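Undergrad: need coordinates for the below:
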Amino acid sequence: MAGKEDGSVTDGAVDTGPESACRASACEKNRPLSRLPLRHRLSSKVLLLTVFSVLVAEVLIFVPSVASMRMRWLTTRLDTVAAASIVLADSESPIVPRSVQDSVLLATGTKAIALREKGASRLLAMSEMPQKVDQHIDLAHTSEAAAIWDAFDTLFTGGDRTLRVYGPIGDSGKVIELVTSDAPLRQAMLRYARNVALLSLVISLIAASLVYLAINELLLRPVRRMHRNMINFAQAPDDPTRIIIPDDRKDELGVAQRQLAAMQSDLQRTFSEQKHLADLGLAVSKINHDMRNILASAQLMSDHLADARDPVVQRFAPKLIRTLNRAISYAESVIAYGRTQEAPPKRRRVLLYTIITDVEETLAIEPDSAIEFRNLVPQDFEMDADTEQFFRIITNLCRNAVQAMSADRPGDQSVVKRLTVTAGRIGSVAIIGIEDTGPGLPQKARDNLFTAFRGSTRSDGTGLGLAIAHELVRAHGGSIELREDRTCGTHFEIRIPDMPVSLANWRRQKEAAEADKSA
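TA: A predicted model of the protein is given here:
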């Protein structure tokens, strides 16, 4: 048996073709891309950008509002002091009693109150004379920029300063002055800043949410839909259900969806046309490849007819040879690359020895080639296979071996040229070996084994023989591999599992066998 000659038969099918690498590459390429990290999603970026923009707007509003709050606080304090100072100034006594002064100062939160009128200044009330005044504030002549700067100066570095604040009392021409600490002002500003910050944050979140919802509905949702559709379409461009269905929109996204749908339809139509052309091309290639083999055998037979002495044969033989030559040339010229699926094998219980005998007769090996064909398949060896497809498998492999040995040192009678076909069985797996003593396969052919137009060992070859054999073996649920443990020649090993038998049929067969033994 082929699998037992060297004692190195391994169980299981080995996929030595390039399809496994292609499938791995396709899986890597079609890995889902829709599960993006949260930080990389467009929706997250838009939401963060919206919140940031609203916060920036709130900060820009917060800056003048704090300055305005500070000026309002000082103005209110000055107005309160002005009302009290008028009462004190209208008093009949030139000297205000200490108890009244203390009450007014305590009520207004000031240290000293003075009134200026017609260039004269009158001190109305004073609790203590400050050692120094840190800042003089003229409420009537303070610019907005100065107010903002002073507000943040008080907010961040104030609290222990003494302020002199003054301003006119209406249209009376009088100017009221007060001396006070900035600690109450800073505390009021801090409370105001905290409240405004919380309010700004709430407003920012509400505004950002509304803006995000609007952007999500108008922009992000259609973009995500197009993103998912493009990924799904790229995974199966031949599936008509993966073409995007455009929304009824009149804006740019609606136009983009309609253009994408049109582009996908055109791409799918082009893909389908190219696939049909490829299918037709490889179908014609396979048919012509096998037909060329048959015509080559017929050509060899016609060469023998040319030696016959029958006048009729002598007259028609040259025409027959020329016709066959034209047919072979035509078959070789129309071989083109494509891809198609063979018909499912019609598996029957067949005798492999008979198929190998037909292959030997089809090869019509010339006696002068010194190539020995050995059919070592047992005559009673049975297997489940499609007769015609398995004939094509063995013919392609054997013809490649014959062509390789014919081209190897022609005329050298000392070179052993032998093609051996063997068969055996391990369990329910039939193992067929095709081994020759030729020059072996070059590395380029080994790297592109079973690949059409790339796995040929000859410069004028197509490599379709191995591609056809590989496809037909896979259709039988089996495997074909090149044995790497041969130092010379080429050894292909085919493994074909038998068709599974139902439990009921197996029991019937077992009962029939036991009945035969008992009889």
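
Undergrad: now do L280, the pLDDT please.
TA: What the model reports as pLDDT for L280 is 68.

Undergrad: with R221 instead?
TA: The model reports R221 with a pLDDT of 80.

Undergrad: and for it, the neighbour number?
TA: 14 (other C-beta atoms under 10 Å). Glycine gets a C-beta too; all of them are placed from N, C-alpha and C.

Undergrad: likewise for V402?
TA: V402: 21 surrounding residues under other C-beta under 10 Å.

Undergrad: secondary structure element holding it?
TA: Here V402, judged by DSSP states H and E, is contained in helix 387-407.

Undergrad: show me what that helix is in contact with.
TA: By C-beta atoms under 8 Å, 6 or more residues apart in numbering, the residues outside helix 387-407 that reach it are 290, 293, 342, 345, 348, 350, 352, 355-356, 358-360, 362-363, 365, 369, 371, 373, 417, 419, 421, 432, 434, 436-439, 457-458, 465-466, 468-469, 472-473, 475-476, 490, 492, 494.

Undergrad: same deal with stretch 346-363?
TA: Outside stretch 346-363, the residues that touch it by C-beta under 8 Å, 6+ apart are 293-294, 297, 373, 375, 377-387, 390-391, 394-395, 398-399, 402, 421, 423, 430, 432, 476, 499.

Undergrad: at which residues are the strands of the protein located?
TA: With DSSP state E, the ranges of strands along the chain come out as 112-117, 120-126, 135-138, 162-168, 175-181, 348-351, 371-375, 382-385, 417-426, 429-436, 479-482, 490-497.

Undergrad: got the angle between the second one and strand 112-117?
TA: An angle of 160 degrees separates the directions of strand 120-126 and strand 112-117 when computed by axes from the mean of the first three to the mean of the last three C-alpha atoms, to 10 degrees.

Undergrad: low-confidence regions, the stretch 351-500 of the chain specifically.
TA: 411, 452-463 (pLDDT under 70).

Undergrad: kindly recompute the last result at 80.
TA: Along the stretch 351-500 of the chain, segments meeting pLDDT under 80 span 362, 364, 367-368, 408-414, 442-448, 450-465, 485-487, 499-500.

Undergrad: kindly report the same for the stretch 101-250 of the chain.
TA: Residues of the stretch 101-250 of the chain that meet the cut-off, pLDDT under 80, sit at 101-110, 117-131, 170-173, 200-201, 203-205, 207-208, 211-212, 215-220, 238, 249-250.

Undergrad: using PyMOL, define a selection of the buried residues within the contacts of helix 387-407.
TA: Applying 16 or more other C-beta atoms under 10 Å to the contacts of helix 387-407 leaves a buried subset, and the PyMOL line that selects it is:
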select buried, resi 290+293+345+350+352+355+356+359+360+362+363+365+371+373+417+419+421+432+434+436+437+438+439+457+465+466+468+469+472+473+475+476+490+492+494
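
Undergrad: what's around V66, how many residues?
TA: Using other C-beta under 10 Å, V66 has 20 neighbouring residues.

Undergrad: I'd like the distance between the residue lying closest to R225 once chain neighbours are set aside and E382.
TA: Closest residue in space to R225, ignoring its immediate chain neighbours: I244 at 7.6 Å, by C-beta to C-beta, 6 or more residues apart in numbering. Note on I244: its distance to E382, by C-beta to C-beta, to the nearest Å, is 55 Å.

Undergrad: which of those two has more neighbours?
TA: I244 (20 against 14).

Undergrad: contacting residues around that one?
TA: Residues in contact with I244 (C-beta under 8 Å, 6+ apart) are 225-226, 229, 233, 257, 260-261, 264.

Undergrad: which of those are buried, as a PyMOL select command?
TA: Here is the PyMOL command that selects the buried residues among the contacts of I244 (16+ other C-beta under 10 Å):
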select buried, resi 226+229+233+257+260+264
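
Undergrad: report the buried residues of stretch 146-161.
TA: Buried residues in stretch 146-161 (16+ other C-beta under 10 Å): 147-148, 150-151, 154-155, 158, 161.

Undergrad: please read the previous query as pertaining to stretch 165-172.
TA: 165-169.
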